[in-house]
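K.L.:
Got a predicted structure here, sequence first:
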Amino acid sequence: MDAQSAMFATIAVGDELLNGKRIDKHLPHVIETLGRRGLQLSSCHIVGDSLQGLVLQLQQTRQLNLPVICFGGIGATPDDNTRAAAAEAFQCPLQRHPEAAKLIEQQFAEAAYPRRILMADLPADATLIPNPYNNIPGFTVEQHHFLPGFPQMAWPMLDWLLDEYYSDVNGVMTCERSVRVYQVAESELIELMEALAEEHPAVKIFSLPHLGEPPTIEIGFRGPAVAVETAYAALCYRLQKRGELFDRL
């Protein structure tokens, strides 16, 4: 993987995420897990249980040419459409995966039939992701990795797939430094921020206005540590030169 492909995307599946019954617990965990490896999240997506909605979402993320981690919808209930959507989006038939079927039969014996065994019906090109919680595997198609929605299952599986597929990625450990500026409108600092962004292209500059009393602006940089420190020092110097009131955070 090159530097750009050290970026990942996520998809969280489920109507319950869209109607407020549950929140996406995976997003902060993924951000933290990737960050420990010097990897980053490029985008995150939430989609309901609709088959066609899932197909469209997977077709779109397929165009990103990035690793995508998809949580949820791979069970055997009528609203679990992720397996079928993946087969359609990646244009390969849904068929019973022999190894997945064997694992499910070993886990549930006769109770695997008639419903649980459906979780072995996967896109024809799928490879398995082991599930240490209950042995019902997730699966991978191209750069898309499909995991259960339950964190106690999905998060150990995420660790496995990162070790298995992305251990050799040359990720860059990043950091963040910022200041809080007082008694100045954000518009008055745009020219300064534009100049700093142009002078320090290795980092990303951000500006976060806070509308409390008194109103303040947090300005800072994210990126490789050395480059961030250089840009941060330049920011502090210029704010001091302008006579702005600010705190280092």
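P.N.:
Looks like it arrived, so ask away. In this text, all values refer to a predicted model and were calculated from it rather than measured experimentally. Numbering: from 1, shown residues only.
K.L.:
neighbouring contacts of the longest helix along the chain?
P.N.:
Of all the segments of type helix in the chain, defined by DSSP state H, the longest one is helix 225-242. The contact list for helix 225-242, computed with C-beta atoms under 8 Å, 6 or more residues apart in numbering, reads 173-179, 181, 192, 196, 199-200, 202-203, 205, 219-223, 246, 248. For glycine as for every other residue, the C-beta is placed from the backbone atoms N, C-alpha and C.
K.L.:
Which of the helices or strands spans residue 38?
P.N.:
Following DSSP states H and E, there is no helix or strand that holds residue 38.
K.L.:
Likewise for residue 69?
P.N.:
Judged by DSSP H and E, residue 69 forms part of strand 68-71.
K.L.:
the helices in this protein, which residues?
P.N.:
Taking DSSP H as the test, the helices found in the chain are 15-18, 26-36, 51-62, 82-89, 98-108, 151-166, 190-199, 225-242.
K.L.:
Where does the prediction get shaky in the protein?
P.N.:
Across the chain, the ranges flagged by pLDDT under 70 are 1-5.
K.L.:
let's go with 80 and repeat that
P.N.:
Scanning the chain with the threshold set as pLDDT under 80 gives 1-5, 170-173, 212.
K.L.:
ok, back up a step: and the contacts of helix 225-242, which are buried?
P.N.:
174, 177-179, 181, 192, 196, 200, 203, 205, 219-223, 246 (16 or more other C-beta atoms under 10 Å).
K.L.:
before we move on, the earlier item: which of the contacts of helix 225-242 fall in strands?
P.N.:
Secondary structure from DSSP state E places 174-179, 181, 205, 219-223, 246, 248 of the contacts of helix 225-242 in strands.
K.L.:
what about residue 83, distance to residue 146?
P.N.:
Residue 83 sits 8 Å away from residue 146, going by C-beta to C-beta, to the nearest Å.
K.L.:
Neighbour count: the two, which is higher?
P.N.:
More neighbours surround residue 146 than the other of residue 83 and residue 146, with 29 against 22 (other C-beta atoms under 10 Å).
K.L.:
Pull up the gap between the more buried one and residue 86, please.
P.N.:
Using C-beta to C-beta, one gets 6 Å for the distance from residue 146 to residue 86.
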